[in-house]
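Enquirer: from the sequence below, what's the structure:
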Amino acid sequence: MTGVDTQGLVLGIEHGQRYDEVRATLDVGSLVVLYTDGVIEARREGELYGLDRLDARLAARRELPPDELAQAVLDDCRAFAAGELADDCAVVVVKRTT
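Expert: Below you'll find the model as predicted:
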């Protein structure tokens, strides 16, 4: 998977926050996945869920509708951490269809 590297605070969390503009061309079927740090920082015995695991889950299930793909990632994250999530976990998936 190819990523567009960007980071920052969640929209609206801090007044006056500035955000970098990032542009990418999305082919039909491409996904944009936004997630909170709680997803990749979920832990199991000190091991992080991490970007590689997230990328693998997204690649394996990329044909799912966006809402089902987001739920699949959250379910996998919770299972990895045995339900013991210490931070918020949120995933938003947008898929280009035409």
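
Enquirer: any idea which helix or strand carries the residue of the chain most remote from its centre?
Expert: Of all residues in the chain, G16 has its C-alpha farthest from the mean position, at 24.8 Å, by Cα atoms, centre = their mean. Using DSSP states H and E, G16 sits within no helix or strand.

Enquirer: how about the strands in this protein?
Expert: Taking DSSP state E to define them, one finds strands in the chain at 31-35, 43-44, 47-48, 91-95.

Enquirer: give the contact list for E68.
Expert: R61 (Cβ atoms under 8 Å, 6 or more residues apart in numbering). Quick note: C-beta positions are derived from backbone N, CA and C, even for glycine.

Enquirer: make 4 the first number, not 1, from now on.
Expert: All set: I'll call the first residue 4, so the last point we hit is now E71.

Enquirer: I'd like to know how far the residue positioned nearest the centre of the chain sits from G19.
Expert: Centrality entry for the chain: nearest residue to the mean C-alpha point is Y38, 3.4 Å, by Cα atoms, centre = their mean. For Y38, the distance to G19 equals 24 Å [Cβ to Cβ, to the nearest Å].

Enquirer: quick one: closest of the strands of the chain to A63.
Expert: strand 34-38 (12.7 Å; Cβ to Cβ).

Enquirer: quick one, the closest one and strand 94-98 angle?
Expert: Counting by axes from the mean of the first three to the mean of the last three Cα atoms, to 10 degrees, strand 34-38 points 170 degrees away from the direction of strand 94-98.
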